[in-house]
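Student: turn this into a structure:
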Amino acid sequence: MKKILISLGVLFVAVCAFLLISRSMLYNYDVFADYEYSFSAEDAFITSLVLEDGIVEIPALSRSDISSFLKVRVNGSSLSRMIRPSITMKSGDRTEVQYFEHGAFGIRYLNITNLLGGSDSTLSFEGAHIVVSDGPVELVQFENPELDQKRVLILAPHPDDAEIAAYGLYSEHNDIYIATVTSGDAGPFMYDEIYDEEKEFAEHYLKKGEVRTWNSLAVPLLGGVPPENIVNLGYNDARLRAMYRDKDMIAAGLYTDVSDMNTFRQQNFSSLADGLVGINNWASLVGNMKYLISEIKPDVIITPSPKLDMHSDHQYTTIAAVEAIKELGIREGTLLLYTNHQVVFNERFPYGEEGSVISLPPTPRGSNHFTRLYSYPMDRDLQRSKIFALDAMNDLRLGTDYRFFGRAMAQAFETLWMDLTGKNESYFRRSVRSNEFFYVVDVEDIYEDAKLAEL
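Tutor: Residues are numbered from 1 along each chain as shown. Predicted coordinates:
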């Protein structure tokens, strides 16, 4: 019996050591560092408050079109290094949960947007393996961009990016256009049980691009976007940076050597596609951006943040859009910047579980430029709808291995392992939240080099 207890004790220590080491390797930045944001009093409403015994009184709001964040100091417990810490925030019958890095310490921002607007102005905070320090705190609030009666163009580098970033927003507004830049004909070799990787490599990626192009044109219909307002430009996945660096290059598929724009573009059913011209190069991309912006005349453009979103296609989608806007001489309007690949922080941000709130990310490279922050609320029904939209995107689901018992079991164990090690990067966990998060930038700012460099 004694030997069994000793063995169990050794096993317990080994498991704890494994969890501690694996958690410490999840982050490529200092989790003890403060999040560093500087807010202009011209763009933010900043109020000094006091948190006492985990409770703070929020000034009554006379309007609901405000995004609100509370600047606090947190201190993770010793257990937070192994168990992800979280804070449950309550106001009356409203509840939100926000998660943090393992071992989080220092200044953080709590997203309290969805908790305000009711009759109760008292907020309470209860930490799980983390404490919110009593004392002075700052309420930082931003006026939301006006979207009613506005025309919105969403730029998606790949099929599924519009849904990941803004399905909630676009499904609740009427005048929405979605332009997907690439076919999605790259990425992992997902369908190895259908295609022979040695003999049918190119065929696999042509089919993948075809299916994902169809996804990009069909899935927005679930969110009520009219068919006429949906278009895929048909460029090859993972090639935009190379096109930018070599303006003379006519790009071909990364894995297919196919450069004919009509390969994927022919699936379009909107008359918008009739005006798409050019070959697979940078000038063509900028030219087609100019065409779409001129034709659609959007008041708001939703597009990735080149500084924060570390996927090159995401960066160069916005760089092309900025070039197009400048060449057109447009100075009015709003950009809403999103980020789906925060590799500089890691691909697991935002942290925590599905349904929790997204707040400001870490700032290991410094803050990006924005005028305001925008937290778009998503109730439970809207989150459910977003799940179905994401599930309709073939590339976001597991492959078709589920058709075979052995492969299905392997997929199940892989999913379990990702959860146990904290390495679950699924967009179902990361983007099905109680809000969608955007950085608001005035179009006028892209004409200032210093601000443009920080977008």
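Student: can you give me the strands for the stretch 1-150 of the chain?
Tutor: Remark: strands assigned in the stretch 1-150 of the chain by DSSP state E, counting those that start in this stretch are 45-51, 55-57, 66-76, 86-91, 94-99, 105-111, 122-128, 130-132, 135-143.
Student: out of these, which comes closest to residue 254?
Tutor: strand 94-99 (35.0 Å; CB to CB). Bear in mind the C-beta positions are built from the backbone N, C-alpha and C, glycine included.
Student: thinking again about what came up before, how about JSON lines for the strands of the stretch 1-150 of the chain, with mean pLDDT, mean neighbour count and distance to residue 197 added?
Tutor: Compiled in JSON lines, the strands of the stretch 1-150 of the chain are given as follows (pLDDT from 0 to 100; neighbours: other CB atoms under 10 Å; distance: least, CB to CB, whole Å):
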{"stretch": "strand 45-51", "mean pLDDT": "96", "mean neighbour count": "14", "distance to residue 197": "56"}
{"stretch": "strand 55-57", "mean pLDDT": "96", "mean neighbour count": "15", "distance to residue 197": "57"}
{"stretch": "strand 66-76", "mean pLDDT": "97", "mean neighbour count": "21", "distance to residue 197": "44"}
{"stretch": "strand 86-91", "mean pLDDT": "97", "mean neighbour count": "20", "distance to residue 197": "41"}
{"stretch": "strand 94-99", "mean pLDDT": "97", "mean neighbour count": "18", "distance to residue 197": "38"}
{"stretch": "strand 105-111", "mean pLDDT": "98", "mean neighbour count": "20", "distance to residue 197": "43"}
{"stretch": "strand 122-128", "mean pLDDT": "97", "mean neighbour count": "17", "distance to residue 197": "44"}
{"stretch": "strand 130-132", "mean pLDDT": "98", "mean neighbour count": "22", "distance to residue 197": "45"}
{"stretch": "strand 135-143", "mean pLDDT": "97", "mean neighbour count": "17", "distance to residue 197": "49"}
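Student: need those in CSV with distance to residue 450, can you?
Tutor: Putting those into CSV (distance: least, CB to CB, whole Å) gives the following:
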stretch, distance to residue 450
strand 45-51, 23
strand 55-57, 36
strand 66-76, 25
strand 86-91, 35
strand 94-99, 32
strand 105-111, 24
strand 122-128, 36
strand 130-132, 35
strand 135-143, 21
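Student: out of those, nearest to residue 417?
Tutor: Residue 417 lies closest to strand 94-99 among those, at 20.2 Å (CB to CB).
Student: what is the closest one packed up against?
Tutor: In terms of contact count using 3 or more CB pairs under 8 Å, 6 or more residues apart in numbering; DSSP states H and E, strand 94-99 is assigned the packing partners strand 86-91, strand 105-111.
Student: let me have these in CSV, extended by distance to residue 160.
Tutor: Formatted as CSV, these follow (distance: least, CB to CB, whole Å):
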stretch, distance to residue 160
strand 86-91, 27
strand 105-111, 24
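Student: among the ones you listed, which is nearest residue 324?
Tutor: strand 105-111 (32.5 Å).
Student: quick one: the closest one to strand 86-91, angle?
Tutor: Interaxial angle of strand 105-111 relative to strand 86-91 (axes from the mean of the first three to the mean of the last three CA atoms, to 10 degrees): 40 degrees.
Student: tell me which other helices or strands strand 105-111 touches.
Tutor: Using 3+ CB pairs under 8 Å, 6+ apart: strand 105-111 touches strand 66-76, strand 94-99.
Student: as JSON lines, those strands with distance to residue 196 would be great.
Tutor: Converted to JSON lines, these look like this (distance: least, CB to CB, whole Å):
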{"stretch": "strand 66-76", "distance to residue 196": "49"}
{"stretch": "strand 94-99", "distance to residue 196": "42"}
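Student: the ones you listed: which one's closest to residue 235?
Tutor: strand 66-76 (33.5 Å).
Student: which strands or helices does the closest one pack on?
Tutor: On a contact count with 3+ CB pairs under 8 Å, 6+ apart, strand 66-76 meets strand 45-51, strand 105-111, strand 130-132, strand 135-143, strand 372-377.
Student: turn those into JSON lines, including distance to residue 402.
Tutor: Listed next are the helices and strands packed on strand 66-76 as JSON lines, based on distance: least, CB to CB, whole Å:
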{"stretch": "strand 45-51", "distance to residue 402": "48"}
{"stretch": "strand 105-111", "distance to residue 402": "36"}
{"stretch": "strand 130-132", "distance to residue 402": "38"}
{"stretch": "strand 135-143", "distance to residue 402": "44"}
{"stretch": "strand 372-377", "distance to residue 402": "33"}
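Student: which of these sits closest to residue 242?
Tutor: strand 372-377 (32.6 Å).
Student: that's a helix at residue 355, yeah?
Tutor: No. Counting by DSSP: H, G, I helix; E, B strand; the rest coil, residue 355 is not part of a helix but coil.
Student: quick one: pLDDT of residue 366?
Tutor: Looking at residue 366, its pLDDT is 87.
Student: can you report phi and psi for the closest residue to it other than its chain neighbours?
Tutor: Leaving aside its sequence neighbours, residue 366 sits nearest to residue 36 (CB to CB, 6 or more residues apart in numbering; 7.0 Å). The phi/psi pair for residue 36 (degrees, to the nearest 10) reads phi -110, psi 100.
Student: and residue 36, what does it touch?
Tutor: Shown in contact with residue 36 (CB atoms under 8 Å, 6 or more residues apart in numbering): 107, 363, 366, 367.
Student: burial of the third one, as a residue count?
Tutor: Taking other CB atoms under 10 Å as the criterion, the count of residues near residue 366 is 10.
Student: and it, that one's in a helix?
Tutor: No. Under three-state DSSP, residue 366 sits outside any helix and is assigned coil.
Student: mind checking how far it is from residue 384?
Tutor: Distance, residue 366 to residue 384, using CB to CB, to the nearest Å: 37 Å.
Student: equivalent analysis for residue 108, please.
Tutor: Where residue 384 is concerned, residue 108 sits at a distance of 29 Å (CB to CB).
Student: one more: residue 360?
Tutor: 26 Å.
Student: in terms of neighbours, single out the busier of the two.
Tutor: A side-by-side neighbour count of residue 360 and residue 384, using other CB under 10 Å, places residue 360 first with 20 against 12.
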